[in-house]
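**Q** predicted model follows, preceded by the sequence.
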Amino acid sequence: MRIHNDGHGGPEGKARHRREKLFDAQDIRLLILHCLAGNSAHGYELIKTIEAMAKGEYVPSPGIIYPNLTLLEEMGAICATAESGGKKVWSLTQEGSTFLGQQQQEVEQVIQRLASLGVLGDNRRIPEMQRAIHNFKMALNTRLGKGDLSQETVYQIIDTLDRAAKDIERS
């Protein structure tokens, strides 16, 4: 995964933090082709299929899906037919099927990342886990919100967080 932080100051000179980019455009195109290999679909159905593959932990936006559908159509990998109501139904072409077959290892990696997100979500939804995460956030935010952090206190908090992360990694 790539983490993007542009380093520019946001409002009041505070650094803006960008969310991790889970899937790049190529990953999305491979997912679209993979989904269309099974059945033709509308763009909305593709969004819902990908969301289901990740058990709701990732939902591609229309702004990601539709431009990639257009690009894949221009590349000859998919074709669209219009249904009544003006909606397009997308289908995999032979060229798209061939390309998908050549990219099978990459497709499997992307699908595995989606499945891992689903497992993460399932485990995060365990009630005891939710409680513990909530308590952790509350304690940290309460302490950081006091504003009287000496350098020693900052180091103690960082050390505690690092120890907890290490313990979790090794469990």
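**A** Noted; the coordinates are in hand. Only a predicted model underlies this, so the values are computations on that prediction, with no experimental measurement involved.

**Q** okay, now the unreliable bits of this protein?
**A** By pLDDT under 70, the low-scoring segments of the chain are 1-20.

**Q** quick one: the strands in it, in order.
**A** Taking DSSP state E, the strands of the chain run over residues 78-82, 88-92.

**Q** out of these, which gets nearest to Tyr66?
**A** Tyr66 lies closest, by C-beta to C-beta, to one member of these: strand 88-92, at 9.5 Å. Backbone N, C-alpha and C define where each C-beta goes, glycine included.

**Q** right, and Pro60 touches Ala52 too?
**A** No: taking contacts as C-beta atoms under 8 Å, Pro60 lies outside contact range of Ala52: 11.8 Å.

**Q** and these two? which has more neighbours close in?
**A** Set Pro60 next to Ala52 and count neighbours by other C-beta atoms under 10 Å: Pro60 wins out with 23 against 12.

**Q** tell me how far the more buried one lies from His34.
**A** 13 Å (C-beta to C-beta, to the nearest Å).

**Q** what's the answer for Ile65, then?
**A** From Ile65 across to His34, the span is 13 Å (C-beta to C-beta).

**Q** what's the most buried one of the strands of the chain?
**A** Mean neighbour counts were compared across those using mean count of other C-beta atoms under 10 Å; the top stretch is strand 88-92, at a mean of 20.

**Q** quick one: contacts of that strand?
**A** 32-33, 36-37, 40-43, 46, 69, 73, 77-83, 100 (C-beta atoms under 8 Å, 6 or more residues apart in numbering).

**Q** one more: stretch 96-107?
**A** Counting by C-beta under 8 Å, 6+ apart, 26, 30-31, 33-34, 36-37, 72, 76-78, 92 sit against stretch 96-107.
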